[in-house]
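Next one to model:
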Amino acid sequence: MPAKIPATVVTGFLGSGKTTLIRHLIENANGRRIALVINEFGDLGVDGDILKGCGDEACAEDDIIELSNGCICCTVAEDFVPTIETLLARDMPPDHIVIETSGLALPQPLVRAFNWPEIATRVTVDGVVTVVDGKAVTDGRFAHNVAAVDAQRAQDDNLDHETPLSELFEDQIACADMIVVNKSDLLGAEEATSLATRLQDESRAGVRVISASHGTLPVDVVLGQGIGAEGDMDSRHEVHHHHHNDEDDDHHHDHDHDHDDFESFTVSRGEIADPVGFAEQVADVIRTHDILRLKGFAAVTGKPMRLTLQAVGPRIDTYFDRPFGSTPRETRLVVIGQSGLDQAAITAALSA
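Numbers count the residues shown, from 1 in each chain. Below is the predicted model of the structure:
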């Protein structure tokens, strides 16, 4: 059976920076064919126009689908599942699907929809990314422009118009696999640390809290988490029911960004003798040094096939993928993390 196509769900309140984050992913897709599903209602076409204007072959018009009939968690059967079926039926289906939810939409019903029989065997939730306006949350407002969020909420009759934003926020955090604290450049060091600690405490075990400015994160950090969120709904329970929110981004800055806040490097070493023991060694190094992602392959003594490793945090998947053939039998691992990694210590620990 073909591998399931991964889908990343991006949620967060209006103005948190979802669109900027997604635009950055598309502009740096590195050959991935990314399809984008945008759940807009109210101010129709804004996000789509922005993304269609990104001037990149990765965001052709056919790859951007807008669902504007209201909150996506209310229109799963009529809109969402048929849209995913259409994408999957293409002669050249996408390599990855990114779904930008209305911030007023609960992420849980959307993730649960991936278990529908029509799509369950062909697509999986790679991860749920909740984008947080760091400054607004620190100030207790949760959204940069609360009036704009309330105005959008009023336009959808299916929504519970009375639920405080703080409660909707709890549901976004409860469902997240990664929390992106955006606009971190507007926070002082103590504020940023305090907020990150609070969000870590409020989220599930293993959820990564990452700071960003202007939604700029390495693609390999956001995509390829491999969570399979639809199979883990019990731990993502709704704190409340039937909420939602908006679209995004009153924060359309055109900046030239680099990835100064992140770094990556490659560690090479010889063959390993014990694949299970090596995976445990790698997981320990990841925990010790707070590494975000690690991927690569290893040469195992006596095995003609190379062992592929993919780690998101300390969770590691390994499998033998293909023979080395004429390529050198060596172990090569790419380490990705926020700036300040102790490269020498990590290299030494992975080479031990």
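
what about the top strand by length along the chain, distance to the chain center?
In the chain, taking DSSP state E as the definition, the longest strand is strand 123-133. Relative to its chain's centre, strand 123-133 lies at 4 Å (Cα atoms, centre = their mean, to the nearest Å).

Please report how far residue 167 lies from residue 104.
Distance, residue 167 to residue 104, using Cβ to Cβ, to the nearest Å: 12 Å. Heads up, the C-betas are built off the backbone N, CA and C, glycines and all.

Sheet-wise, list the partners of the longest strand of the chain with their directions.
Taking DSSP bridges as the criterion, strand 123-133 pairs within the sheet with strand 5-11 (parallel), strand 178-182 (parallel).

quick one, what contacts the spatially closest residue to residue 227 that is not a sequence neighbour?
Among residues not flanking residue 227 along the chain, residue 127 sits closest, at 4.5 Å (Cβ to Cβ, 6 or more residues apart in numbering). Taking Cβ atoms under 8 Å, 6 or more residues apart in numbering, we find residue 127 in contact with 8-9, 177-178, 222, 225-227, 229.

Now do the strands in the stretch 151-300 of the chain.
Along the stretch 151-300 of the chain, the segments classed as strands by DSSP state E, counting those that start in this stretch run 178-182, 208-211, 262-269, 293-299.

picking up where we left off before, any chance of the strands paired with strand 123-133 in JSON lines, with mean pLDDT too?
As requested, the strands paired with strand 123-133 are exported to JSON lines (pLDDT from 0 to 100):
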{"stretch": "strand 5-11", "mean pLDDT": "90"}
{"stretch": "strand 178-182", "mean pLDDT": "87"}
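
Output these in a markdown table, with mean neighbour count and distance to residue 85 appended to each entry.
Putting the strands paired with strand 123-133 into a markdown table (neighbours: other Cβ atoms under 10 Å; distance: least, Cβ to Cβ, whole Å) gives the following:
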| stretch | mean neighbour count | distance to residue 85 |
| --- | --- | --- |
| strand 5-11 | 25 | 12 |
| strand 178-182 | 26 | 27 |
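
Need the ones you listed in TSV (columns: distance to residue 100).
Converted to TSV, the strands paired with strand 123-133 look like this (distance: least, Cβ to Cβ, whole Å):
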stretch	distance to residue 100
strand 5-11	5
strand 178-182	13
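
Ok, which of those strands comes nearest residue 298?
Among these, strand 5-11 comes nearest to residue 298, with 23.6 Å by Cβ to Cβ.

Would you mind pulling the contact partners of that closest one?
18, 21-22, 84, 88, 93-101, 103, 105, 107, 110-111, 114, 122-131, 172, 175-176, 222-226, 229.

which of these are buried?
Among the contacts of strand 5-11, the ones that count as buried by 16 or more other Cβ atoms under 10 Å are 18, 21-22, 84, 88, 94, 96-101, 103, 105, 107, 110-111, 114, 122-131, 172, 175-176, 222-225, 229.

Next step: the residues you listed restricted to helices.
Assigned to helices by DSSP state H, the following of the buried ones among the contacts of strand 5-11 qualify: 18, 21-22, 84, 88, 107, 110-111, 172, 175, 222.

Tally up the residues packed near the nearest residue to residue 342 once chain neighbours are set aside, please.
The shortest distance from residue 342 to any non-neighbouring residue, by Cβ to Cβ, 6+ apart, is to residue 289 (6.3 Å). For residue 289, the neighbour count with other Cβ atoms under 10 Å is 16.

and what of residue 295?
19.

Who does the residue lying closest to residue 291 once chain neighbours are set aside form a beta bridge with?
Leaving out its chain neighbours, the residue that sits closest to residue 291 by Cβ to Cβ, 6+ apart is residue 337, at 4.7 Å. Following DSSP bridges, residue 337 is listed with bridge partners residue 263.

tell me which element residue 348 is part of?
If you go by DSSP states H and E, residue 348 is part of helix 343-351.

List the buried residues for that helix?
For helix 343-351, by 16+ other Cβ under 10 Å, it's 346-347, 349-350.

Among those residues, which one sits closest to residue 330?
For the buried residues of helix 343-351, the nearest to residue 330 is residue 350 (12.8 Å; Cβ to Cβ).

For the spatially most distant residue from the centre of the chain, give its distance to residue 271.
The centre of the chain is farthest from one residue, residue 302, which by Cα atoms, centre = their mean lies 37.4 Å away. Going from residue 302 to residue 271 by Cβ to Cβ gives 9 Å.

circling back: assign a three-state SS to the residue farthest from the centre of the chain, would you?
Per DSSP: H, G, I helix; E, B strand; the rest coil, the secondary structure class of residue 302 is coil.
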